[in-house]
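[1] Sequence and predicted structure below; questions after.
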Amino acid sequence: MLNLVALILLFPLIGTAINGLIGKRLRKETVGYVACGAIGLSFFVSILVFIGLLLLPPDARLFEKQLFSWIESGSFKSAAGLQVDPLSTLMILVVTGVGFLIHIYSIGYMHHDKGYHRYFCYLNLFTFSMLLLVLSNNFLLMFIGWEAVGLCSYLLIGFWFEKKSASNAAKKAFVVNRVGDFGFALGIMLIFLTFHSIDFTEVFSAASHGNFAVGSFTVTIITLLLFMGATGKSAQIPLYTWLPDAMEGPTPVSALIHAATMVTAGVYMIARCNVLYMLSPFTMTVVASIGAVTALFAASIGLVQNDIKRVLAYSTISQLGYMFVACGVGAFTASIFHLMTHAFFKALLFLGSGSVIHALSGEQDMRKMGGLRHHIPTTYKTFLVGTIAIAGIPPFAGFFSKDEILLESLVRGNFLYWAIGALAAFFTAFYMFRLLFMTFHGESRVDHHVVEHLHESPKNMTLPLTVLAGLSVVGGFLGIPGASAIGTFLSPVFGEHGHTEISGSEAAVHHSAYLPYLMMVVSTAIAIAGIYLAYQMYIKKPEMPKKLAERFGLIYKLLLNKYYVDEIYDVLFVKPIKMGSVQLWKQVDARMIDGSVNGVARLVGWFGNVLRYLQTGYVRNYAFYIVIGCICIIVFAALGM
Amino acid sequence: MITITHYLVLSAILFTLGVVGVLIRRNAIIIFMCIELMLNAVNLSFVAFAHYLNSMQGQLFVFFTMTVAAAEAAVGLAIIVAVFRNKETVNIDDINIMKW
């Protein structure tokens, strides 16, 4: 069954080709069926591959399928090959599973859009690229997938390119990602220079068999460069600014690309390279610190945003920060576990917000919502499930994964990581319930024109919501502390260091055996505190937020304007680069390059102007020149002899 | 005894006459005749060398030269006639429009 793995890639590619080439002439229903069918088949094959993998003994769960020899140049060799192991299998299940649901949802959401076939073409292409990214068995092919998802992200953010803000956001996402990808590409080159191979298996076995000391300088540089790529793709400080703007794209796109799958590519990459990262404690500290700071930073911005999708965007950045904290302290299993549960509930939340926006004919400002729970009950119920899941109330999915990350960061990291994580968790619970209360509870602030069109979304939109809500409820049980199915499943990839067993681990022994249970209580208490505060502020005393905003005007303004990071970047990077470009254009391009080209032409023209007077028009002059020439040749020949 | 030197000197004199004629005369027809003179001066040296070296190649070349000269004479005269019809002159000082 594992041999079928190439089919997983093939189906979305066929879907892309059909919708891209002849989609315009197909009926809308056909376009939708083709796109969903492609991903559905892909999902089906992924399950087959998963079963095939489960049938193998845990130690033998690594299958490589060489598709073809891709590049051979001197000592550089790269094959296009796919790798099936527990990590990539988990990723393809999430990508195709959540992707399939979002494709179905899109049929309803994008129904009135004139770019229907274009949308599904991009969406299928994205799925293909993401699958390529997670399935490839070497760095270069992974990089191709990495770049291709970036391209699809660009195309889909700028899907409504007639809107200036959308095309700007698309450009921003693309350019910011370039910065990270630059580091990623350099990292791959350095890997080739160091290991003389870019094959995952070869590199990792070379790295783990002791050719490199822990803390080796080369490995530190490699991992830092790779992490630079991850900060771009996974929206971490300092390259996170593109993600909030990416909300200009259609909402299902935000759900699939900018929440559930693509932005987790950085986390996946670090988890994939865990062998390298474990060799560099310094990089690990950097990863964990950046993750922790991002988690808190983004969560604090999320507290005051008024655009429903932007709150979710900052929430995504914050949750990605958590995953990086987990990676940084070496708890890769917890990181991937949170990646999975986050994919479920964040996709659910985005799709739910899409349903709200759909119901309100495009309104995204939460100040113009409120009291929607009676109008769109299904959306409300599923959204509530998602909110509870992300806030971290047991036994919903987010609780287990977030709790595991917090526990690991305390056990393996230090108190500071835990404290920051806990504070961010408090913020998360608060802003998510703030969003829920502002949108669905309280008095309606909806414009009365819009009220007349209020409607629950069609079946093909509510069904994915329901399924994702189900997953958000039960997803966490895969990683129950002590009996973690996902931990056991992933252990061949992460080896000893991936997962802390509750009782067995050395680190845990140092602490009290009751610590995990204490932690559960503490994180639940934190979540409940956040929810309670939101309840007080937005249900009980709706005038309180305004007072607080006036009281702490400076902080409020700072948060509302996202710490002015965009403005700072504008002054520090964008403007100098723009000015530099203008100078390059005027001085180098216009003056030097154009100048030299035109100068050569002018010189030739000047010579021609002088020399043309030789052309007298008198034949005997020409004959005279010929004679002179002949005499010269004869004299020369005679002298030469 | 007439040696090859005599032939070559005669050939050189004839050729120089032709060159000078081309350079200093104004009448197109005379220039044309001077060109023929140059050609035939060369022919003379060909024949002389052929005799001197006991080789037929020089003789053969003369035939080619004469053929080309005949063809050239036909074309050249036709051009001169055409020019005359246009300008009513064969003075080459008046035929100088191909210049800057």
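    Arrived safely, thanks for sending.

[2] Which helix runs longest in chain B?
    Looking across chain B with DSSP state H, the single longest helix is helix B:57-87.

[3] now for it, which elements pack on it?
    Counting contacts by 3 or more Cβ pairs under 8 Å, 6 or more residues apart in numbering or on different chains; DSSP states H and E, helix B:57-87 is packed against helix B:28-53. Bear in mind the C-beta positions are built from the backbone N, C-alpha and C, glycine included.

[4] Run through the stretch 151-300 of chain A and note the low-pLDDT ranges.
    A:210 (pLDDT under 70).

[5] from what I can see B:Ile29 touches B:Val90, true?
    Yes: with contact defined as Cβ atoms under 8 Å, B:Ile29 counts as touching B:Val90 (6.0 Å).

[6] which neighbours do those two share?
    By Cβ atoms under 8 Å, 6 or more residues apart in numbering or on different chains, B:Ile29 and B:Val90 have these common neighbours: B:Ile80.

[7] Which one's more surrounded, these two?
    Comparing B:Ile29 with B:Val90 by neighbour count (other Cβ atoms under 10 Å in any protein chain shown), the higher total belongs to B:Val90, at 18 against 13.

[8] Flag every buried residue along the longest helix of chain B.
    Using 16 or more other Cβ atoms under 10 Å in any protein chain shown as the test for burial, helix B:57-87 gives B:Gly58, B:Phe61, B:Val62, B:Thr65, B:Ala69, B:Gly76, B:Ile80, B:Val83.

[9] quick one: that helix to helix B:28-53, angle?
    Here helix B:57-87 runs at an angle of 180 degrees relative to helix B:28-53 (axes from the mean of the first three to the mean of the last three Cα atoms, to 10 degrees).

[10] chain center to helix B:57-87, what's the gap?
    9 Å (Cα atoms, centre = their mean, to the nearest Å).

[11] What lies in contact with the host helix or strand of B:Leu8?
    Using DSSP states H and E, B:Leu8 sits in helix B:4-24. For helix B:4-24, contacts defined as Cβ under 8 Å, 6+ apart pick out A:620, A:623-624, A:627, B:30-31, B:33-38, B:40-42, B:44-45, B:47-49, B:51-52.

[12] So, low pLDDT: which residues of the chain?
    Assuming you mean chain A. Counting by pLDDT under 70, chain A contains low-confidence ranges at A:210, A:496-513, A:641.

[13] wait, I meant chain B there
    B:100.

[14] 80 instead?
    For chain B, the stretches with pLDDT under 80 are B:97-100.

[15] picking up where we left off before, between the helix holding B:Leu8 and helix B:28-53, how big is the angle?
    160 degrees.

[16] Buried by neighbour count: which residues of helix B:4-24 qualify?
    For helix B:4-24, by 16+ other Cβ under 10 Å, it's B:Tyr7, B:Ser11, B:Leu14, B:Phe15, B:Gly18, B:Val19, B:Gly21, B:Val22, B:Leu23.

[17] Name the helix or strand for whichever residue of chain A sits closest to chain B, please.
    Nearest residue of chain A to chain B, counting by Cβ to the nearest Cβ: A:Gly617, 3.3 Å away. Under the criterion DSSP H and E, no helix or strand holds A:Gly617.

[18] if we can go back for a sec, just the buried ones from the contacts of helix B:4-24?
    A:620, A:623, B:31, B:34-35, B:37-38, B:40-42, B:44-45, B:47-49.

[19] closest to A:Phe430 among these?
    A:Ala623 (100.7 Å; Cβ to Cβ).

[20] count of residues packed around A:Ala389?
    With other Cβ under 10 Å as criterion, A:Ala389 counts 32.

[21] For it, which three-state class applies?
    Assigned by DSSP: H, G, I helix; E, B strand; the rest coil, the conformation of A:Ala389 is helix.

[22] so who does it touch?
    By Cβ under 8 Å, 6+ apart, the neighbours of A:Ala389 are A:Thr341, A:Phe344, A:Phe345, A:Leu348, A:Phe396, A:Ala397, A:Gly398, A:Phe399, A:Ser472, A:Val473, A:Gly476.

[23] What are the boundaries of the helices in the stretch 451-600 of chain A?
    A:459-474, A:485-494, A:506-510, A:515-535, A:544-551, A:553-560, A:565-569, A:575-583, A:594-611 (DSSP state H, counting those that start in this stretch).

[24] Looking at the ones you listed, spot the one closest to A:Leu55.
    The closest of the helices of the stretch 451-600 of chain A to A:Leu55 is helix A:485-494. By Cβ to Cβ, the value is 13.3 Å.
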